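Asks: What follows is a predicted structure for the sequence shown.
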Amino acid sequence: QVQLVESGGGLVQAGGSLRLSCSASGSIVYFAAMGWYRQGPGNQRELVASIGRGGDTNYADSVKGRFTISRDNAKNAVYLQMNSLKPEDTAVYYCAADRFNTLIPGDYWGQGTQVTVSS
């Protein structure tokens, strides 16, 4: 059973940046995809970004050009660089990984990290 632990959340002003990290307890090279989801107040959980084993990436339209997902197989970690943050980015951000699905990871989940963007 792989454990995923997120870190890097916090409070930031609009226009600022944050970098989220997701550390896995085991090797991530076997995951077909890893990604970041978020769930804001009163909203459903949505996929923000995902990255495949080969480095191919996908982003929600709402974050394209502002967020960048990356993975470091040597460190068993996935990152989400978030720039030009907006109040609507406020949410709990979850890391996820999948053994088979290359676009929508959902086998394993982290506990989440809060991101709050003030206006």
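Replies: Perfect, thanks for sending it. Residues are numbered from 1 along each chain as shown.
Asks: how far away is Asp89 from Gly54?
Replies: Separation of Asp89 from Gly54 (C-beta to C-beta, to the nearest Å): 28 Å. For the C-beta atoms, the positions are set from N, CA and C on the backbone; glycine is no exception.
Asks: More neighbours: the two, which one.
Replies: Per other C-beta atoms under 10 Å, whichever of Asp89 and Gly54 has more neighbours is Asp89, with 22 against 8.
Asks: hey, what's the residue nearest the centre of the chain bridged with?
Replies: Among the residues of the chain, the one closest to the centroid is Trp36, at 2.5 Å (C-alpha atoms, centre = their mean). Applying DSSP bridges to Trp36 gives these bridge partners: Ala49, Cys95.
Asks: So it sits against Val92, correct?
Replies: No - the pair Trp36 / Val92 is not scored as a contact, 10.9 Å apart, by C-beta atoms under 8 Å.
Asks: low-scoring pLDDT stretches of the chain, where are they?
Replies: Counting by pLDDT under 70, the chain shows no low-confidence range.
Asks: Can you show me the strands along it?
Replies: Per DSSP state E, the chain carries strands over the ranges 4-7, 10-13, 18-24, 33-39, 46-52, 57-59, 67-72, 77-82, 91-98, 108-109, 113-118.
Asks: got a list of contacts for the longest one?
Replies: Counting by C-beta atoms under 8 Å, 6 or more residues apart in numbering, the neighbours of strand 91-98 from elsewhere in the structure are 2, 4-6, 9, 20, 22, 24, 28, 31-41, 43, 45, 48, 78, 80, 104-115.
Asks: Just the buried subset of those, please.
Replies: With neighbours counted by 16 or more other C-beta atoms under 10 Å, the contacts of strand 91-98 contain buried members at 4, 6, 9, 20, 22, 24, 28, 31-38, 40, 48, 78, 80, 105, 108-110, 112-113, 115.
Asks: Contacts only, for the spatially closest residue to Thr113 that is not a sequence neighbour.
Replies: Nearest non-adjacent residue to Thr113, counting by C-beta to C-beta, 6 or more residues apart in numbering: Gly9, 3.4 Å away. Listed by C-beta under 8 Å, 6+ apart, the contact partners of Gly9 are Leu18, Leu20, Tyr93, Thr113, Gln114, Val115.
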